[in-house]
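my questions concern the predicted model and sequence given below.
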Amino acid sequence: MARDSALYVCQSCGSVHGKWSGQCSSCGQWNTLTEESRSAPPGAIKPSVAASARSRGIQFETLQSDTPEPPRITTGVAEFDRVCGGGVVPGSAILLSGDPGVGKSTLLLEVAAKAALRGARVAYISGEEAVEQIRARAKRMGLADAPVNLAAATALRDILGTLKREKFD
């Protein structure tokens, strides 16, 4: 039968201790041990020994590499392409964040439209704005003729199914 045992993990160095103390015996930092509980069988190895035994270590590498640069899709929005390392890597995910109203949707509409005008197959799916709002913005920006596939949806299963069916993968 398993019993609950507490582990105390140093938030500074990650060292695991079987009991709480004010100072971590590994790194010497004060008040950095926090309690984590786990279920342990009776007679289990002491937590500090178990933690070091589980460690597989890591492999260090250098900054040099012979790996070729991945292919990139240039969007035609120079600063966006520069920030993305020369364009968008197919299959990659880019997180764009910012306060409301700073122009995230406008920037992405410009990127999508210009990439589509350069021959990329583009789907612009909004989870927040209606299709007519996006069309109106594209018209104001002079991008209404760009061959962008436009939709408004929030159900991820439906979005992914459509992208796969329409061969956007």
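Happy to help now that I have it.

could you point out the longest helix of the protein?
helix 104-117 (DSSP state H).

counting by contacts, list what it packs against.
Packing partners of helix 104-117 (3 or more CB pairs under 8 Å, 6 or more residues apart in numbering; DSSP states H and E): strand 122-126, helix 131-140, strand 148-152. Quick note: C-beta positions are derived from backbone N, CA and C, even for glycine.

cutoff 10 Å now
The helices and strands touching helix 104-117, judged by 3 or more CB pairs under 10 Å, 6 or more residues apart in numbering; DSSP states H and E, are helix 78-83, strand 122-126, helix 131-140, strand 148-152.

now tabulate those in JSON lines and tack on mean neighbour count.
Below are the helices and strands packed on helix 104-117 laid out as JSON lines (neighbours: other CB atoms under 10 Å):
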{"stretch": "helix 78-83", "mean neighbour count": "13"}
{"stretch": "strand 122-126", "mean neighbour count": "18"}
{"stretch": "helix 131-140", "mean neighbour count": "14"}
{"stretch": "strand 148-152", "mean neighbour count": "17"}
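
format the ones you listed as JSON lines; extra columns: mean pLDDT and distance to Val16.
What follows is those, written out as JSON lines (pLDDT from 0 to 100; distance: least, CB to CB, whole Å):
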{"stretch": "helix 78-83", "mean pLDDT": "96", "distance to Val16": "40"}
{"stretch": "strand 122-126", "mean pLDDT": "95", "distance to Val16": "45"}
{"stretch": "helix 131-140", "mean pLDDT": "97", "distance to Val16": "52"}
{"stretch": "strand 148-152", "mean pLDDT": "97", "distance to Val16": "49"}
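
just put these in JSON lines and tack on distance to Gly103.
As requested, the helices and strands packed on helix 104-117 are exported to JSON lines (distance: least, CB to CB, whole Å):
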{"stretch": "helix 78-83", "distance to Gly103": "12"}
{"stretch": "strand 122-126", "distance to Gly103": "15"}
{"stretch": "helix 131-140", "distance to Gly103": "11"}
{"stretch": "strand 148-152", "distance to Gly103": "18"}
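
count the neighbours of the residue lying closest to Cys24 once chain neighbours are set aside for me.
Leaving out its chain neighbours, the residue that sits closest to Cys24 by CB to CB, 6 or more residues apart in numbering is Cys10, at 4.1 Å. Using other CB atoms under 10 Å, Cys10 is surrounded by 19 other residues.
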